[in-house]
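> From the sequence below, what's the structure:
(2 chains)
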Amino acid sequence: GQQVMQIPQYQHVQEGEDFTTYCNSSTTLSNIQWYKQRPGGHPVFLIQLVKSGEVKKQKRLTFQFGEAKKNSSLHITATQTTDVGTYFCPYPDLGYSTLTFGKGTMLLVSP
Amino acid sequence: EAQVTQNPRYLITVTGKKLTVTCSQNMNHEYMSWYRQDPGLGLRQIYYSMNVEVTDKGDVPEGYKVSRKEKRNFPLILESPSPNQTSLYFCASSLQRGGSYEQYFGPGTRLTVT
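Residues are numbered from 1 along each chain as shown, chains lettered A, B, ... in the order given. Just a heads-up that it's a prediction; the model follows:
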């Protein structure tokens, strides 16, 4: 069945450094979403990517969906302490009924 | 304000004592879901509901029950809680199919079973 691996599981950066997390699938995905969960908080939707090769930006965050729709990435430019949290890239099942979240990438930013 | 609410937010209970965690949304969403979050295991789906009276198992349904009698409510029932159900639980809702639309999460319920 479908499975998406997210890497890295954990990253610690200095404030101002860039950060990227990757989600790689063995099969073609219909879409992929990105969520952020702050420490002690709940997951919050960031974006959904649907089209092959799609690139979307939200301020310092850049989201990409691969040409083959098998991988996606989230890049944060010049991290800030407010970027701390766990980032998830959930993907839908074949019937679009559910999202599988996985373990996410935990980002720690030191000032 | 559009939101998903959960109660209680924190609960400590003993093995075998039935409990219910309530979840309610005010966005008229068709889809609702329960997840549990454990260190090192990420977010895993317990049950979901595509609409009133329609529920289905997620990845880890054992030991849990749900019901969807009204569109806005989706309670999670633990009939005989065990220590391995100690976890952080999240309820979520979305407009329609959970795989196609943004999901809105509740604040979470931290459950400890001793």
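> for chain A, what are the nearby residues on chain B?
For chain B, the residues in contact with chain A (C-beta under 8 Å from any C-beta of the partner chain) are B:33, B:35, B:40-45, B:48, B:50, B:56, B:58-59, B:90, B:92, B:97-100, B:102-108. No exception for glycine: its C-beta is placed from N, CA and C like everyone else's.
> Filter these down to the buried ones.
Using 16 or more other C-beta atoms under 10 Å in any protein chain shown as the burial test, these include B:33, B:35, B:42-45, B:48, B:50, B:58, B:90, B:92, B:97-100, B:102-106, B:108 as buried.
> Return the helix or strand in chain A with minimum mean pLDDT.
strand A:91-92 (a mean of 90; mean pLDDT, DSSP states H and E).
> Is there any residue in that one that contacts chain B?
Yes. Using C-beta under 8 Å from any C-beta, strand A:91-92 reaches chain B at A:Tyr91, A:Pro92.
> Show me what the helix or strand following that strand is packed up against.
The first helix or strand that comes after strand A:91-92 along the chain, using DSSP states H and E, is strand A:99-100. The helices and strands touching strand A:99-100, judged by 3 or more C-beta pairs under 8 Å, 6 or more residues apart in numbering or on different chains; DSSP states H and E, are strand A:91-92.
> which secondary structure elements does the strand it packs on contact?
If contacts are counted by 3+ C-beta pairs under 8 Å, 6+ apart, strand A:91-92 sits against strand A:99-100.
> which bits of chain A sit near chain B?
Taking C-beta under 8 Å from any C-beta as the criterion, the neighbours of chain B within chain A are A:30-31, A:33, A:35, A:41-45, A:48, A:88, A:90-93, A:95-104.
> Now do the strands in chain A.
Taking DSSP state E as the criterion, chain A carries its strands at A:4-7, A:10-14, A:19-25, A:32-37, A:44-49, A:55-58, A:61-65, A:71-76, A:85-88, A:91-92, A:99-100, A:105-110.
> thinking again about what came up before, ok, and what's touching the least confident helix or strand of chain A?
The contact list for strand A:91-92, computed with C-beta atoms under 8 Å, 6 or more residues apart in numbering or on different chains, reads A:2, A:4, A:23, A:25, A:29-33, A:98-100, B:97-100.
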